[in-house]
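Trainee: From the sequence below, what's the structure:
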Amino acid sequence: MSTLFSYIFFPGFVFTALLGIIASGIDRKVTARIQWRQGPPLLQPLYDFIKLLGKETLVPAGASRLTFLITPVFGLAAVSIVSTILWGALINPKESFVGDFIVVLYLLAIPSLSIIIGGFASRNRIASLGASREMKFILSYELPFIMVLLIPVIQTGNIRLGDIVTAQMSSGLSVGTVSGFIALLAGILCIQAKLGLVPFDASEAEQEIVAGPFIEYSGTPLAIFKLTKWMMLVTLPLFLVVMYMPSSNPVHIAIRYIIILVLTILIRNTNPRLRIDQVMRFFWTKVAFVSLIAVILALLKL
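Mentor: Next comes the predicted model:
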């Protein structure tokens with residue numbers, strides 16, 4: 001019963017969803033301030049979510065109905081599980097299980113895969129174009145993302161999140177090393193792409209392809225997709241906190257999370273959108289090279 005409670009309520013779905021809504025509201029507020037606007041209320045994402053739940057759900061003609069409607073749920077479930085595992089590693093490191101690091105990596109790919117499958121299932125040419133761009137994004141950032149996350153694994157000699165957290169609390173944070181600091185900076189760029197934020201938002205570019213893979217979605221399925229993205233805005237920065245600068249103090253965790261969140265917002269508002277070829281070249285050359293340097297430095301214990 002306690003396990004079910006943790007996955008559904010705290011620190012799972014409900015808790016992460018509430019934090020995601022607040023994080024999205026902060027994102028919109030900060031963005032508005034940067035652009036010298038007042039911006040919407042902090043809880044505007046919640047109002048949007050409730051409004052979408054009351055809208056009619058339409059399925060385009062010729063679409064695979066079951067696939068079209070069920071794919072958003074898979075992404076939401078994956079993020080909820082990841083959030084529960086990450087918070088569990090921080091709250092009670094001893095209860096983490098062997099290989100949870102690998103499980104988290106696999107589960108974090110599911111939200112992007114659900115976007116791709118949903119886009120193709122809608123049988124819309126624009127949605128398919130957005131889905132194909134999302135596929136290219138995965139191919140570009142996934143390898144550097146895995147490489148930068150290997151740094152704490154190499155430094156601590158552990159592949160269990162709880163052991164990684166415990167080792168850093170006792171012997172020093174990974175971000176305090178040269179390799180860890182470089183890897184964290186590269187990791188922030190990778191989560192920027194996984195979140196689909198500018199400059200890596202070509203798959204959902206409103207000015208070019210309207211809403212990309214989401215163009216045919218409405219009502220509850222669209223609300224689930226949006227909620228998943230908001231929850232990712234909590235889960236991905238939290239993953240970096242767990243891997244590079246964990247803490248048993250909730251205030252310290254909150255501060256470190258906010259720092260990463262603010263950095264992603266600043267990157268979003270100070271850079272133009274990149275083309276697909278530019279994104280792939282950027283991650284396969286510059287980010288991959290920096291990640292490789294960080295791995296080498298970690299092996300040299302630097």
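Trainee: Same question for the strand or helix carrying Met231: list its buried residues.
Mentor: Per DSSP states H and E, Met231 falls inside helix 219-244. Using 16 or more other CB atoms under 10 Å as the test for burial, helix 219-244 gives 220-244. Just so you know, the C-beta spots here come from the backbone N, C-alpha and C atoms, and that holds for glycine as well.
Trainee: what stretches of the chain score poorly on pLDDT?
Mentor: Scanning the chain with the threshold set as pLDDT under 70 gives 1-2, 207-209.
Trainee: Mind jotting down where the helices sit in it?
Mentor: 2-8, 13-34, 44-53, 65-91, 100-121, 125-156, 161-171, 178-194, 206-209, 219-244, 250-269, 276-281, 288-299 (DSSP state H).
Trainee: Now do the third one against helix 219-244, angle only.
Mentor: Helix 44-53 runs at 140 degrees relative to helix 219-244, counting by axes from the mean of the first three to the mean of the last three CA atoms, to 10 degrees.
Trainee: Tell me the buried residues in helix 44-53?
Mentor: 45-46, 48-49, 52.
Trainee: Now flag whichever of the residues you listed is closest to Leu184.
Mentor: Pro45 (27.2 Å; CB to CB).
Trainee: for the helices of the chain, which one sits closest to Val59?
Mentor: Nearest to Val59, of these and by CB to CB, is helix 65-91 at 5.3 Å.
Trainee: List the buried residues of that closest one.
Mentor: Those would be 68-69, 71-72, 74-91, for helix 65-91 by 16+ other CB under 10 Å.
Trainee: and that helix, how far from the chain's centre?
Mentor: Put simply, helix 65-91 sits 11 Å off its chain's centre (CA atoms, centre = their mean, to the nearest Å).
Trainee: Check stretch 150-165 too.
Mentor: On CA atoms, centre = their mean, the centre of stretch 150-165 falls 20 Å from that of its chain.
Trainee: which parts of that stretch are buried?
Mentor: Buried-residue list, stretch 150-165, by 16+ other CB under 10 Å: 150-156, 158, 160-165.
Trainee: I'd like those residues written out as JSON lines, with distance to Ile138 added.
Mentor: Below are the buried residues of stretch 150-165 laid out as JSON lines (distance: CB to CB, whole Å):
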{"residue": "Leu150", "distance to Ile138": "18"}
{"residue": "Ile151", "distance to Ile138": "21"}
{"residue": "Pro152", "distance to Ile138": "23"}
{"residue": "Val153", "distance to Ile138": "21"}
{"residue": "Ile154", "distance to Ile138": "24"}
{"residue": "Gln155", "distance to Ile138": "27"}
{"residue": "Thr156", "distance to Ile138": "27"}
{"residue": "Asn158", "distance to Ile138": "27"}
{"residue": "Arg160", "distance to Ile138": "26"}
{"residue": "Leu161", "distance to Ile138": "23"}
{"residue": "Gly162", "distance to Ile138": "28"}
{"residue": "Asp163", "distance to Ile138": "28"}
{"residue": "Ile164", "distance to Ile138": "25"}
{"residue": "Val165", "distance to Ile138": "28"}
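Trainee: now, which of those sits nearest Thr57?
Mentor: Leu161 (37.0 Å).
Trainee: Setting the sequence-adjacent residues aside, check what's closest to that closest one.
Mentor: Ala89 (3.8 Å; CB to CB, 6 or more residues apart in numbering).
Trainee: isn't that neighbour right next to Gly162, touching?
Mentor: Yes - the pair Ala89 / Gly162 is scored as a contact, 5.0 Å apart, by CB atoms under 8 Å.
Trainee: Find residues that contact each of these two.
Mentor: 96, 100 (CB atoms under 8 Å, 6 or more residues apart in numbering).
Trainee: Pull up the gap between the nearest residue to Val98 once chain neighbours are set aside and Leu66, please.
Mentor: When the adjacent residues along the chain are set aside, Val98 lies closest to Arg160, with 5.4 Å between them (CB to CB, 6+ apart). According to CB to CB, to the nearest Å, Arg160 and Leu66 sit 37 Å apart.
Trainee: And for Val104?
Mentor: From Val104 to Leu66 the distance is 28 Å (CB to CB).
Trainee: that older thread, report the contact partners of the residue nearest to Val98.
Mentor: By CB under 8 Å, 6+ apart, the neighbours of Arg160 are 96-101.
Trainee: Tell me if I'm right that Ile138 and Ala109 touch.
Mentor: Yes - here Ile138 reaches Ala109: they are 7.0 Å apart, a contact under CB under 8 Å.
Trainee: who has more neighbours, the two?
Mentor: A direct count of neighbours by other CB atoms under 10 Å for Ile138 and Ala109 places Ile138 higher, at 18 against 14.
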